[in-house]
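*Asks:* Turn this into a model:
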Amino acid sequence: MNMTRKEKAVEIFNRKFHCSQAILAAFADECGLTEKTALRLGGCFGSGMRRGEVCGACTGALMVLGAMYGQCDETDLQSRELANRVNDHMMKLFAERVGSYMCRDILGVDITTAEGVQYARENHLFTELCPRIVAAAADVLEEIIAENGEPLSGDDK
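*Replies:* Model (predicted):
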């Protein structure tokens, strides 16, 4: 039986990859990437770029949307408008589903400090809360892709 993209993202996350890596790798084929390349590209975006900023699962989803709909021809303003629209939609829906798109707000702790990381580990935030956040990001991403279909411009996957 094949896993859904959401199941694959959670499975990758549970293998101790960052949330950003899990989302991008689960959707790698949509982006014209290998899973290995997706894991590498997403490697510096987990835990809100390790600063508690925009959640890595949300960032991974934005990377997928950029790969699918992002502008790659300076004269193609239609793709720029679409990329801006799906970006805004992702940020809005993700925040509605999980309460925020900021990692520190989702976790409720400052993970830039040793005490914050310890608190997150002791309270199982990375192993219980974060997989649910990864799943939510995958759900929102799939909805946006379903709404927007294949990329408008010719792609060079």
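
*Asks:* Report the spatially nearest residue to Ile12, omitting neighbours in sequence.
*Replies:* With sequence-adjacent residues excluded and distances taken as C-beta to C-beta, 6 or more residues apart in numbering, Ile12 is closest to Ala22, at 4.1 Å. Quick note: C-beta positions are derived from backbone N, CA and C, even for glycine.

*Asks:* need the contact list for Val117.
*Replies:* Ile111 (C-beta atoms under 8 Å, 6 or more residues apart in numbering).

*Asks:* Tell me the pLDDT of it.
*Replies:* At Val117, the pLDDT value in this model is 96.

*Asks:* if we can go back for a sec, what is the neighbour count of the residue nearest to Ile12?
*Replies:* With neighbours defined by other C-beta atoms under 10 Å, the count for Ala22 comes to 32.

*Asks:* Test my guess that it contacts Glu7.
*Replies:* No. Taking C-beta atoms under 8 Å as the contact criterion, Ala22 and Glu7 are not neighbours in contact, 10.9 Å apart.

*Asks:* residue contacts, the nearest residue to Leu107 once chain neighbours are set aside?
*Replies:* Leaving aside its chain neighbours, Leu107 sits nearest to Leu125 (5.2 Å; criterion: C-beta to C-beta, 6+ apart). Neighbour list for Leu125: Leu107, Gly108, Val109, Tyr119 [criterion: C-beta under 8 Å, 6+ apart].

*Asks:* how close does the second one sit to Glu96?
*Replies:* According to C-beta to C-beta, to the nearest Å, Gly108 stands 18 Å off from Glu96.

*Asks:* Same check on the third one?
*Replies:* In this view, Val109 and Glu96 are 22 Å apart by C-beta to C-beta.

*Asks:* Ok, Val54 next?
*Replies:* As defined by C-beta to C-beta, Val54 lies at a distance of 15 Å from Glu96.

*Asks:* what about the two, which has more around it?
*Replies:* More crowded of Val54 and Glu96, by other C-beta under 10 Å: Val54, with 19 against 12.
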